[in-house]
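J.: sequence first, then the predicted structure, then my questions.
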Amino acid sequence: MVSYASLSEPVRNPRYEHKTYLIRWFIVAFLGLVNGSNAYLWISFAPIADHFLAYYSTNEQFLNWVQLIFPITTVLLGLPAAFLVDRFGVRFVLVASVTVNLLCGLLRVMSSIASLNPFVGHRLALIIIGQLVASLAQPLCMFTPAKLALDWFPENQRTIANTIGSLGNAVGVLVGSAVAPLIVQRPEDIPVFNYISLGLVGVDFIVCCLMVRRGKPPIPPSDAAAILDEFHQREIQPENFCAIRCFKNFILQCIEPLRSRDFFLLMLTFGCGLAYFTTLSTLFQQILCTKGYSNQFAGLCGSLMIATGLIASIFSAIFADRTGLLLEAMQVGSHARRLVLNKLMPPNPIKCRPLEVV
């Protein structure tokens, strides 16, 4: 098992050769693009829920369950996906992700061609299958930025690289929330919207096939990357290779951080924040439009929420890279959020009436 202490790089080991490649910035930017495309496919129907329901002749429960496919898949396949990322690297993730995104785009287009699917049930089935297929890429894309940062970037650039790769998810939600209501003004615009979505993921697929040639650089950029390469090379030797043992070792590596109280608190805090963000992103349209607001206004609210977080995360990443005060940056952000919420709360909040049991 790889020791975490061996990856912390307190001193530089002279026996390892280091080199950085300029293409690393393209790789991390493209990962962010693929991550964003996948998030766009997830959220794109939520801001136009009323038109989606009218075009596909369904109800809110169906759409909400469709939106839940991505989170459920990520929870169920999170550890296997992390294992695949660790074993097969960045190129495998990019190729697999653009492929399933393309399949989802094709299935969406097929669902909007009435001559191919005259029955509503068939069209809804294609939507579900498309979401299931695309959801396979979400855990891969979400867990890859840290792996890419380790394989391609020196230690003083990993935070910004991780941020670029991870921000793609938020940017995809931002684009989906803002653009979908502008394109779809009525239910009949759904087919055009599906073709546009197919075009976006199609461009990703073509760029990946043409530009992404390797999953890691020929010469590692740091001691940590070199040590991990040596460990993987020893593990895949015929006399040492055992898929079950490799996965068992990986599970043990995943359990080890859970023994840290600070890591567990970080995981719990991040999980609650992500759950809150996901819920709001999915239900903004259904919450606001029932109060008389338009789809465009609901999309604007979702976009503003994400854009503010993007700006804050960029400055936080630069600050953490320059100073190393990552924990302090998180504490400042948490306190600032609490102060803003306290100011926004009305002086006399409306009290909820207790439920009456009939």
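T.: Nice, I can see it.
J.: all helices for the protein, in order.
T.: Counting by DSSP state H, the chain forms helices over residues 23-43, 49-56, 60-111, 120-135, 137-152, 158-183, 190-211, 223-235, 243-258, 261-289, 295-323, 326-344, given from the N-terminal end onward.
J.: reformat these as TSV; add mean pLDDT and distance to Pro217.
T.: Every C-beta, even on glycine, is put in place using the N, C-alpha and C of the backbone. Rendered in TSV, the data for these read as follows (pLDDT from 0 to 100; distance: least, CB to CB, whole Å):
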stretch	mean pLDDT	distance to Pro217
helix 23-43	92	7
helix 49-56	89	44
helix 60-111	90	10
helix 120-135	92	29
helix 137-152	88	6
helix 158-183	86	13
helix 190-211	94	15
helix 223-235	68	8
helix 243-258	73	23
helix 261-289	78	29
helix 295-323	77	20
helix 326-344	71	26
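J.: can you add mean neighbour count and give these back as TSV?
T.: Converted to TSV, those look like this (neighbours: other CB atoms under 10 Å):
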stretch	mean neighbour count
helix 23-43	23
helix 49-56	20
helix 60-111	19
helix 120-135	19
helix 137-152	24
helix 158-183	22
helix 190-211	17
helix 223-235	17
helix 243-258	12
helix 261-289	15
helix 295-323	17
helix 326-344	11
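J.: distance of Ser166 from Thr290?
T.: As defined by CB to CB, to the nearest Å, Ser166 lies at a distance of 33 Å from Thr290.
J.: again with Met142
T.: Using CB to CB, we find Met142 at a distance of 31 Å from Thr290.
J.: same deal with Val34?
T.: Counting by CB to CB, the separation of Val34 from Thr290 is 34 Å.
J.: same question for Val109.
T.: Summarising the geometry, the distance separating Val109 from Thr290, computed by CB to CB, is 30 Å.
J.: for Ala146, same thing?
T.: The gap separating Ala146 from Thr290 is 40 Å, by CB to CB.
J.: got it, and Ile72?
T.: With CB to CB as the criterion, Ile72 and Thr290 are 26 Å apart.
J.: do Ser222 as well
T.: From Ser222 to Thr290 the distance is 52 Å (CB to CB).
J.: same check on Ala46?
T.: If you measure Ala46 against Thr290 using CB to CB, the figure is 14 Å.
J.: of those two, who's got more company?
T.: Each of Ala46 and Thr290 has its neighbours counted (other CB atoms under 10 Å); Ala46 has more, 25 against 9.
J.: now that one: closest residue in space, sequence neighbours ignored.
T.: Nearest residue to Ala46, sequence neighbours excluded (CB to CB, 6 or more residues apart in numbering): Thr282, at 5.0 Å.
J.: tell me how far that neighbour lies from Gly121.
T.: Thr282 is 24 Å from Gly121, by CB to CB.
J.: before we move on, what about Thr163?
T.: Between Thr163 and Gly121 the distance, using CB to CB, works out to 43 Å.
J.: what of Ile206?
T.: Using CB to CB, Ile206 is found at 33 Å from Gly121.
J.: please tell me I have it right and the residue nearest to Ala46 contacts Asn64.
T.: Yes: judged on CB atoms under 8 Å, Thr282 makes contact with Asn64 at a distance of 7.3 Å.
J.: around Pro47, count how many other residues there are.
T.: Burial of Pro47, expressed as a neighbour count using other CB under 10 Å, amounts to 32.
J.: ok, now which ones touch it?
T.: 176-177, 180-181, 284-285, 295, 298-299, 302 (CB atoms under 8 Å, 6 or more residues apart in numbering).
J.: do His122 as well
T.: Contacts of His122 were listed using CB under 8 Å, 6+ apart, and none were found.
J.: and it, how far from Gly36?
T.: With the distance defined as CB to CB, His122 ends up 30 Å from Gly36.
J.: with Ser303 instead?
T.: 14 Å.
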